[in-house]
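A.B. asks: Next comes the sequence, and after it the predicted model I'd like to discuss.
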Amino acid sequence: MKGIPLAREGLPFIIPSLILAILFYALHIEILFVICCLFLLFFLFFFRNPKRLRDTDENILISPADGKIMEIKEIHESEYVGRKTKRISIFMSPLDVHVNRTPCGGHILMALHKEGEFAVAFKKDIDKENERNYILIDHHGEKVLIVQIAGFLARRIICYVKEGDKVKQGDPVGMIAFGSRVDIYIPEGYDAMVELNSKVKAGLTPLAVKRG
């Protein structure tokens, strides 16, 4: 799949749709051909994974997800980071690109999946109640935490990385089927570069910059 602008998780949907479309076209069954083509176009759109290239900057954290900023909050993340952080929450709609990317380079300290509910992304405390996946990155001694959170429509979280992996800024780390929410916990010493309701793109949009 390297070099192809599609998430590999889409192949089990895209290939059968294409084969059936060709089959029904050959059999001159027009209505089924059209239906298969519509499904094929939907899956190609849904599982798109456009290349995201930008100059890396170790002092800037970039967005891990496409979507809209729904919260910027100072919070003490005691479970995995163990200190005061700034949490930026990104709402991913079904129309957004669903592949998530690393906000910075470093080493994966933890990749942990937790079962949970499937409440809507705007509900309070879904970051502790819903099914979610934690990805903790060591970025030059600083801990940056990404949380992939499933929602009402999103019933599957995929993680591409594991503990010990080395990642570069902008590398794909997973995806959430049918959108939902991604939180990033930013260390102290960084200033936010986005505002509420800002639109962001994974691997491209700067979220925070290190002071000094």
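C.D. replies: On my side now, so go ahead.

A.B. asks: is the residue most central in space within the chain in a bridge, and if so with what?
C.D. replies: Centroid-nearest residue in the chain: Asn100, 2.6 Å away (criterion: C-alpha atoms, centre = their mean). Counting by DSSP bridges, Asn100 forms beta bridges with Gly174.

A.B. asks: Tell me how this structure divides into domains.
C.D. replies: For the chain, automatic domain parsing gives the domain ranges 8-46, 60-210.

A.B. asks: Check whether Tyr134 really touches Ala111, as I assumed.
C.D. replies: Yes - counting by C-beta atoms under 8 Å, Ala111 is a contact partner of Tyr134 at 7.2 Å. All C-beta atoms are positioned from the backbone trio N, CA, C, and that covers glycine.

A.B. asks: List the buried residues of the host helix or strand of Ile90.
C.D. replies: Element membership for Ile90, per DSSP states H and E: strand 83-92. By 16 or more other C-beta atoms under 10 Å, the buried positions in strand 83-92 come out as Thr85, Lys86, Arg87, Ile88, Ser89, Ile90, Phe91, Met92.

A.B. asks: Going along the chain, name the strands of this structure.
C.D. replies: 60-62, 67-77, 83-92, 99-101, 106-114, 132-139, 142-149, 157-159, 166-167, 172-176, 180-187, 190-192, 199-200, 206-210 (DSSP state E).

A.B. asks: Run the angle between the longest one and strand 83-92 for me.
C.D. replies: What separates the directions of strand 67-77 and strand 83-92 is an angle of 160 degrees, with axes from the mean of the first three to the mean of the last three C-alpha atoms, to 10 degrees.

A.B. asks: Okay, now the sheet partners of strand 67-77, with direction.
C.D. replies: strand 83-92 (antiparallel), strand 199-200 (antiparallel).

A.B. asks: Rounded mean pLDDT for that strand, please.
C.D. replies: What strand 67-77 shows for mean pLDDT is 93.
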